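Trainee: A structural model of the following input is requested.
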Amino acid sequence: MNDKQKENSMIEGLKSYKRNIEAPWGLLFYRIIWDQLGQLKNKKILDYGSGFGVTANELAAQNDVTAIEPNKDMIKLRYKQNAYQQLVGTIESLKQEPNQKYDVIICHNVLEYVKDREALIAEFHRILKKDGFISIVKHNKLGKIMQKAVLEYKVEEALTLLENRNVKSSNFGTIDIYDNEDIENYSKGVLKIEDYYGVRIFFALQNNELKVKPGWLEEMFTLERRADQIPELRDIASFHHIILKKTGV
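Mentor: The predicted structure follows:
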């Protein structure tokens with residue numbers, strides 16, 4: 001496969017991933033996370049690793065949003081019904097931002113792919129207002145094992161996760177799963193987990209045929225939101241949504 005073919009294959013992979021976001025299960029995933037964020041209005045928000053801009057576009061309806069994403073192909077396919085500033089960049093872009101600029105920092109499904117997490121978290125802490133918060137969505141190991149074993153029936157991948165080895169993402173490479181408490185350690189104690197939620201507790205284990213039935217999205221949204229802070233169920237969710245706040249100025 002030559003370079004052009006590789007590029008075309010990558011773009012087709014991203015388009016397929018975007019179609020997955022627009023499917024009922026993708027829509028539900030984001031709706032749950034946005035609801036967990038609470039009502040945000042007139043806030044300065046940073047979406048780091050914004051991808052297709054799904055969350056940046058949603059929050060930009062009532063907020064001043066800046067989005068940073070390194071993948072130019074994803075930016076070409078981004079959602080932009082609402083106006084927000086889109087930057088192409090990485091942690092170097094954060095270093096240009098002034099101290100305590102943002103009320104909210106969004107970092108969803110990003111840290112799994114970052115090598116120097118301590119440096120990134122340090123920048124988040126620096127540019128976050130003292131009364132602001134950071135929203136991190138991350139893979140949850142126990143939930144991923146359940147999904148691999150039950151829904152996908154990929155026993156080898158489930159065993160890989162049980163043995164503390166990483167699995168691969170078809171679009172983004174190695175998923176380096178970390179524990180919730182690791183985030184506080186990455187911050188060297190200047191950030192604290194205020195709360196966290198489960199996401200995809202139940203529908204991660206359902207066949208997609210069920211998810212296109214009338215009424216499925218509303219019913220599952222109600223069920224997931226009622227269960228997302230019950231510890232025993234939260235522990236087996238495919239993802240965790242963590243809210244972090246500063247421990248001091």
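Trainee: what's the closest non-adjacent residue to the residue nearest the centre of the chain?
Mentor: Residue closest to the mean C-alpha point of the chain, counted by C-alpha atoms, centre = their mean, is residue 108 at 2.3 Å. Nearest residue to residue 108, sequence neighbours excluded (C-beta to C-beta, 6 or more residues apart in numbering): residue 137, at 3.9 Å. C-beta: built from backbone N, CA, C; applies to glycine.
Trainee: and stretch 148-164, how far apart are its ends?
Mentor: 14 Å (C-alpha to C-alpha, to the nearest Å).
Trainee: in the biggest helix by length in the chain, what counts as buried?
Mentor: Longest helix in the chain by number of residues (criterion: DSSP state H): helix 3-22. Under the neighbour-count criterion of 16 or more other C-beta atoms under 10 Å, helix 3-22 has 14, 17-18 buried.
Trainee: also stretch 122-130?
Mentor: For stretch 122-130, the neighbour count (16+ other C-beta under 10 Å) marks 122-125, 127-129 as buried.
Trainee: can I get these in CSV including secondary structure, pLDDT and distance to residue 30?
Mentor: Converted to CSV, these look like this (DSSP: H, G, I helix; E, B strand; the rest coil; pLDDT from 0 to 100; distance: C-beta to C-beta, whole Å):
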residue, secondary structure, pLDDT, distance to residue 30
122, helix, 97, 28
123, helix, 98, 25
124, helix, 98, 21
125, helix, 97, 26
127, helix, 98, 24
128, strand, 98, 23
129, strand, 97, 25
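Trainee: tell me which two of those sit farthest apart.
Mentor: Among the buried residues of stretch 122-130, the pair separated by the greatest distance (C-beta to C-beta) is 122 and 129, at 15.9 Å.
Trainee: what is the subsequent helix or strand relative to the least confident helix or strand in the chain by mean pLDDT?
Mentor: Of all helical and strand segments in the chain, the minimum by mean pLDDT, DSSP states H and E falls on strand 167-169, at a mean of 71. Under the assignment DSSP states H and E, the closest C-terminal helix or strand after strand 167-169 is strand 173-175.
Trainee: after that next one, heading C-terminal, what element do we hit next?
Mentor: Following strand 173-175 toward the C-terminus (DSSP H and E): helix 180-186.
Trainee: would you map the helices across this structure?
Mentor: 3-22, 24-37, 54-59, 72-76, 91-94, 117-127, 141-146, 155-162, 180-186, 216-227, 231-234.
Trainee: quick check: angle from the longest one to helix 24-37?
Mentor: Comparing the axes of helix 3-22 and helix 24-37 via axes from the mean of the first three to the mean of the last three C-alpha atoms, to 10 degrees yields an angle of 70 degrees.
Trainee: helix 3-22 packs against which elements?
Mentor: Secondary-structure packing of helix 3-22 (3 or more C-beta pairs under 8 Å, 6 or more residues apart in numbering; DSSP states H and E): helix 24-37, helix 72-76.
Trainee: ok, now the fourth one?
Mentor: Based on contacts counted as 3+ C-beta pairs under 8 Å, 6+ apart, the elements that helix 72-76 packs against are helix 3-22, strand 85-88.
Trainee: alright, I will stop here.
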